[in-house]
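K.L.:
Let's see this in three dimensions:
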Amino acid sequence: MVITMKSVALYNLGCKVNSYELDVIQQILQENGYKIVPFDEKADIYIVNTCTVTNIADRKSRQMLHRAKKINPEAVVVAAGCYVQAGNLEDAAVDLVIGNRQKQNLVPILEEYLDSRDKLIEKVKSACHGEFDNRVASVNQVDSIYQGGSVYSENIALTKTAAHTRAYIKIQDGCNQFCSYCIIPFVRGRVKSRGMREILAEAEGLVRNGYREIVLTGIHISSYGLDFDTSEAYTHDRLAGLHRSCKHGPHGHQYNGSEAYMEKAGLLDLMEKLHEIPELNRIRLGSLEPRIITPEFAGRVAKLDKVCPHFHLSLQSGCDDTLERMNRHYTTAEYFQKITLLREAYAGSRPAFTTDIIVGFPGETEAEFEKTKYFLRKISFSEMHVFKYSQRDGTKAAAMKEQIAEECKKQRSEELIALNRIMKREYRESFKGKEVQVLLEESKEIGGSRYFVGHTGEYVKAALKAGDGSGNMGDLSLKGELREGLVKGFLTPDILLI
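P.N.:
Just a heads-up that it's a prediction; the model follows:
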C-alpha cells in the first residue's frame with residue numbers, strides 16, 4: 001500500500017535503549033516515505049516512546065500523549081514501549097498502542113491502521129502472523145523476531161543517528177535480575193541477545209557512515225550471550241580453539257572465529273570482535289553488573305585499547321542491608337573487589353568509575369545512609385547519578401513497610417549530589433598536566449571564544465581552542481576527529497582545556 005507523504009513527530013522517554021529504538025523507528029519511517037517534524041509542530045502522526053520505570057515516568061508518558069492530541073486533535077497518536085507493555089492502556093488521547101516486541105513492525109501496523117481503523121484488530125493480527133494480542137505482544141512469548149534457534153534478531157540495523165560521532169548499538173533486551181524496586185523485567189521480558197554477526201554488521205555500517213565511537217547498550221548488557229544455546233560449552237578455552245578457523249563478516253571484513261563461535265559468545269568476545277573493525281576508534285560500554293568483573297574480564301578488556309577506560313558499575317546502595325532488600329546480588333565488599341580488579345588491570349592510568357545511587361529506599365535508616373556515604377567516598381567515583389527512590393506499582397518495594405518521607409529523600413539526595421560535585425572535581429583535577437585523547441564532537445562559543453568540545457575515553461569533557469594549530473576551523477571541520485594534548489586546566493568547572 002502506498003501512503004501519501006505524512007508527517008510524523010517523535011518523542012522519547014526513558015533509557016538509552018528506548019532512545020536507540022526510537023532512532024530505529026525514525027529510520028524505518030523515513031525509509032518508508034514519512035516526513036519527520038519536531039514534536040511541538042502540527043503533525044499527522046505522533047509517536048511517544050513511553051517509559052514505566054516509576055509512577056512518575058507513567059505520568060510523564062500520559063502527559064506527552066495528551067500533549068500530542070492537544071497539538072492536533074485530528075492526528076493519530078501512537079503510544080509505544082514500556083508503559084504500554086505494563087498493562088492495558090485505556091486513554092481517549094491514544095489511537096494505537098505498540099508493545100516492545102512490535103516496534104519493528106510499527107510501519108505495517110500503522111499503515112493497516114491508517115487504511116482502515118474500523119478493521120484494525122483483525123488486519124493487524126493477520127499482518128503479525130496471529131501473534132498480535134490486543135495490539136501488545138507478550139514480551140515473553142516466542143514470536144517471529146526469533147530466527148535460527150536461540151539467536152535473537154529484531155531485523156533492525158541503525159545506520160545513522162542525530163549525533164555525528166557516537167552511536168549506540170542495542171546488543172540485547174530483557175533482564176533476569178528482578179530487583180525489588182524494578183518493573184523492567186516484567187515489561188521487557190527475560191534476557192534475549194542479538195546475534196554477534198548482526199551486531200558486527202550494524203557496527204560496520206555505522207563506521208562507514210562516519211561514526212568513530214560505538215556504545216554498547218541494552219537492558220542488562222552483562223547478560224549478553226547467557227541465553228544462547230548452552231548445549232555447547234563456550235568457555236574461554238573452547239573459544240580459543242574456535243579462533244583458529246576463519247570467517248568473513250557481512251561486508252567482507254575477516255573475523256577470526258567459527259560460525260558457532262560467532263553466535264554463542266559473550267560480551268567480552270563481542271568486544272574483541274568489534275575491536276577488529278579497522279576504522280572504529282572507540283568502544284564504550286553501557287551499564288555493567290558488578291559480578292561480570294572477574295580477573296579474566298579485567299585482564300582481557302585492559303588489552304583492548306579501543307575499549308574506553310570508563311566503567312559504569314551500578315551500585316544503588318553502599319549498605320549491605322539495603323542491597324539485600326533491593327535484591328541486588330552482591331555485597332559492598334564484593335563490589336569493592338571488582339573495582340580493585342579493574343584498577344589493578346589499568347595500573348598507571350586513571351580509569352573512570354561511574355555509578356547509580358538510590359536514596360530513601362524503604363527501610364533505609366540514617367545509619368544505613370551514613371554507610372552508603374562512607375562507601376561512596378571509599379570508592380571515589382568520577383561521577384554518580386543520584387536518584388530519590390520512587391515507588392513503582394507492581395514491584396515488591398512498593399509494598400514494603402517503612403517508606404521514607406519525601407523530605408528525608410530530598411535531604412539525602414542533596415547530600416550525595418554535593419559529595420558527587422567534590423569527587424567529580426577531584427577526578428578531573430587528576431588530569432592536569434597529563435596527556436588525554438579527545439573525540440571532538442561539536443563547536444561551541446564559551447566565554448567569547450570558539451572551542452571544539454568532545455569527550456576523553458574516560459567520558460570527561462575536554463575542549464580545544466579554535467586556531468590552536470588545527471587548520472581550517474569551520475564548525476564541522478574537526479567533528480569526529482581524535483586529538484591529543486596536555487591538560488592545561490579547566491575551561492569551565494566541567495570541561496578540561498587542552
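K.L.:
Could you list the low-confidence segments of the stretch 351-498 of the chain?
P.N.:
The stretch 351-498 of the chain contains residues with pLDDT under 70 at 468-476.
K.L.:
Helices of that one, start to end?
P.N.:
366-379, 406-429 (DSSP state H, counting those that start in this stretch).
K.L.:
Would you format the ones you listed as TSV with mean neighbour count included?
P.N.:
C-beta coordinates here come from the backbone N, C-alpha and C atoms, glycine included. Formatted as TSV, the helices of the stretch 351-498 of the chain follow (neighbours: other Cβ atoms under 10 Å):
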stretch	mean neighbour count
helix 366-379	16
helix 406-429	15
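K.L.:
would TSV of those with distance to L200 be doable?
P.N.:
As requested, these are exported to TSV (distance: least, Cβ to Cβ, whole Å):
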stretch	distance to L200
helix 366-379	34
helix 406-429	33
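K.L.:
Select, out of these, the one closest to N209.
P.N.:
helix 406-429 (31.9 Å; Cβ to Cβ).
K.L.:
For that closest one, list the C-alpha coordinates in CSV.
P.N.:
Taking C-alpha atoms only, helix 406-429 is exported to CSV below (Å, rounded to 0.1, in the frame of the first residue of the first chain):
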residue,chain,number,x,y,z
GLU,A,406,9.9,12.8,50.6
GLU,A,407,11.6,15.5,52.7
CYS,A,408,14.1,12.9,54.0
LYS,A,409,14.7,11.6,50.5
LYS,A,410,15.3,15.2,49.3
GLN,A,411,17.8,15.9,52.1
ARG,A,412,19.8,12.7,51.5
SER,A,413,19.8,13.3,47.7
GLU,A,414,21.2,16.8,48.2
GLU,A,415,24.0,15.4,50.4
LEU,A,416,25.0,12.9,47.8
ILE,A,417,24.8,15.4,45.0
ALA,A,418,27.2,17.7,47.0
LEU,A,419,29.5,14.7,47.5
ASN,A,420,29.3,14.0,43.8
ARG,A,421,30.5,17.5,43.0
ILE,A,422,33.5,17.1,45.2
MET,A,423,34.5,13.7,43.8
LYS,A,424,33.8,14.8,40.2
ARG,A,425,36.1,17.8,40.6
GLU,A,426,38.8,15.7,42.3
TYR,A,427,38.8,13.2,39.4
ARG,A,428,39.1,15.8,36.8
GLU,A,429,41.9,17.6,38.6
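K.L.:
now it against helix 366-379, angle please.
P.N.:
Relative orientation of helix 406-429 and helix 366-379, computed by axes from the mean of the first three to the mean of the last three Cα atoms, to 10 degrees: 10 degrees.
K.L.:
Give me the packing partners of helix 406-429, helices and strands only.
P.N.:
strand 352-359, helix 366-379, strand 383-388 (3 or more Cβ pairs under 8 Å, 6 or more residues apart in numbering; DSSP states H and E).
K.L.:
coming back round to it: right, and the helices of the stretch 351-498 of the chain - which one's nearest G81?
P.N.:
helix 406-429 (26.8 Å).
K.L.:
Tell me what angle the closest one forms with strand 383-388.
P.N.:
Going by the same axes, to 10 degrees, helix 406-429 makes 180 degrees with strand 383-388.
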